[in-house]
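Give me a model of this one.
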Amino acid sequence: MGHAVGDVLGLAAGVAVSPLPIVAIILVLATPRGRLNGPLFVLGWVLGLAALGAIMLAVGGTGGASTHKHPATWVGALKLALGALLALFGARQWRRRPHDTSQAQLPKWMAAIDRFTPVKILGLGLLLSAANLKNAPLTIAAGVSISSAGLPVPQQIGTFAIFVVIASLGVLAPLVVYLSMGERAESILGDWRDRAARHSAAVMAVLLFVLGLKLLGDGISILAA
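Now for the predicted structure:
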């Protein structure tokens, strides 16, 4: 189990460092119902990761992801494909990043967050974890890595739970600051929001490329073995 946890720590950290979801939850916390909407967003985020992980653990279990505690060939092929996809998207994101960070713009839908209903906030958290260009492939890769480690089901679930906790630190941090820092939270979160907005494109590009290379290496290693 320790080996499996070590294998997914980097993937979990990659999910946690997600500028767009961090900006989104800060904007959610700034709404009049921030104390309700913030936890709902985090709940949706966790549900999205858990759903993807459950699917991959189930597929890995029925699809023979492990042969004598060694990842099956299809696991290597999947990691290779996910790695190539992430690396290509990272290179594309880097070319399209704004060279003047002061001109960086957030998605237009973020301007309407203060009008989102609690159900939409829950759905937003779910989508930003499970349907995110970076987070979905990393979560899928984590699920398949765990399922291919040859662990009993309870240990697989425990390992993925650790992944989810670490992967959620990025959206949990603003919520903790909001709930614990009182009036100081507004200025702290405002600074975090501005920094994340200015550098989100560059950060995403680097993360996508580096993590893509990691998955490419993992896939090649499995296929070569």
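
How much space separates residue 162 from residue 172?
14 Å (Cβ to Cβ, to the nearest Å). C-beta here means a position set from N, CA and C on the backbone, and glycine is covered the same way.

Tell me where this structure has strands.
Assigned by DSSP state E, the strands in the chain fall at 66-67, 70-71.

Distance from the chain centre to the last one, please.
Centroid displacement of strand 70-71 relative to its chain, using Cα atoms, centre = their mean, to the nearest Å, is 24 Å.

Any stretches of the chain with poor pLDDT?
Scanning the chain for pLDDT under 70 picks out 1-2, 62-64, 66-69, 98-106.

List the contacts of residue 212.
Residues in contact with residue 212 (Cβ atoms under 8 Å, 6 or more residues apart in numbering) are 82-90.

Dump the residues you listed into TSV; add distance to residue 194 and neighbour count as well.
Putting the contacts of residue 212 into TSV (distance: Cβ to Cβ, whole Å; neighbours: other Cβ atoms under 10 Å) gives the following:
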residue	distance to residue 194	neighbour count
82	32	22
83	32	22
84	34	15
85	30	16
86	27	26
87	29	19
88	29	13
89	25	18
90	24	22
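
Can you give the contact residues for stretch 139-155?
Residues from elsewhere that reach stretch 139-155 (Cβ under 8 Å, 6+ apart): 1, 3-4, 7-8, 11-12, 15, 49, 52-57, 59-61, 65-66, 68-72, 75, 78-79, 82, 129-130, 156, 159-160, 163, 167, 215, 218.

at 7 Å what do you get?
Stretch 139-155 is contacted by residues 1, 3-4, 7-8, 11-12, 15, 49, 52-53, 56-57, 60-61, 65-66, 69, 71-72, 75, 78-79, 82, 156, 159-160, 163, 215 when judged by Cβ atoms under 7 Å, 6 or more residues apart in numbering.

and what of stretch 26-38?
Stretch 26-38 is contacted by residues 25, 41, 110, 113-114, 118, 121, 174-175, 178, 189, 192-193 when judged by Cβ under 7 Å, 6+ apart.

got it, and stretch 53-61?
139-140, 142-144, 146-148, 156, 160.

try stretch 74-83
With Cβ under 7 Å, 6+ apart as the test, stretch 74-83 has contacts from 63, 65, 137, 140-141, 144, 148, 212-213, 215-216, 218-220, 222-223.
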